[in-house]
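> all I have is the shape, not the residue letters:
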């Protein structure tokens with residue numbers, strides 16, 4: 001399953017993602033991963049959640065990000081959920097068309113690898129491409 005948490009900058013997406021990741025860790029049978037573009041929130045994440053910081057990775061497009069995800073999954077086949085905070089900060093070049101491709105790719109990965117994705121993005125719901133609006137959560 002892929003879920004998109006979308007709202008304008010400063011509306012609490014990061015706090016909500018952190019809460020969701022920490023709660024998921026309490027009941028998970030497998031591992032939880034939290035991906036962020038910096039280490040600012042590393043101490044807000046429960047120690048049982050694997051924190052991955054991407055600032056040194058220089059992920060330019062959605063293909064590189066998908067490869068990054070495969071790298072994480074290849075290191076541990078027991079990952080249940082991956083939370084991503086600040087997608088537009090992590091991927092430096094992400095057009096609407098590429099966002100649709102990324103969500104579709106993550107949906108395939110989710111089904112093949114039995115992993116759920118929750119992705120936080122700063123955007124307006126109206127600006128989200130129609131093809132992925134069904135993935136948006138409140």
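On my side now, so go ahead. Everything numeric in this text was worked out from a predicted model, so none of it was measured.
> neighbours of residue 97, how many?
11 (other CB atoms under 10 Å). Where C-beta positions appear, they are placed from N, C-alpha and C, glycine not excepted.
> can you pull the pLDDT of the residue nearest to residue 133 when sequence neighbours are not counted?
Distances taken as CB to CB, 6 or more residues apart in numbering put residue 125 closest to residue 133, at 7.5 Å, once the chain neighbours are dropped. Model confidence at residue 125, given as pLDDT, is 76.
> what does the residue nearest the centre of the chain show for phi and psi?
Central residue check for the chain by CA atoms, centre = their mean: the C-alpha nearest the mean position is that of residue 84, 2.4 Å away. With angles defined as degrees, to the nearest 10, residue 84 sits at phi -130, psi 120.
> bridging residues for it?
Beta-bridge pairing for residue 84 (DSSP bridges): residue 35, residue 119.
> and it, how close does it get to residue 52?
9 Å (CB to CB, to the nearest Å).
> can you list residues touching both of the two?
Taking CB atoms under 8 Å, 6 or more residues apart in numbering as the contact rule, the neighbours common to residue 84 and residue 52 are 35, 36.
> quick check: the residue nearest to the centre of the chain touching residue 116?
No - Residue 84 lies out of contact with residue 116 (CB atoms under 8 Å); the separation is 11.4 Å.
> number of residues surrounding residue 39?
10.
> repeat that for residue 19.
12.
> backbone phi and psi for it, please?
Per degrees, to the nearest 10, the backbone of residue 19 is at phi -60, psi -40.
> ok, now the one 10 residues further on?
Backbone dihedrals for residue 29, given as degrees, to the nearest 10, come out at phi -90, psi -20.
> just give the nearest non-adjacent residue to it, would you?
residue 80 (6.7 Å).
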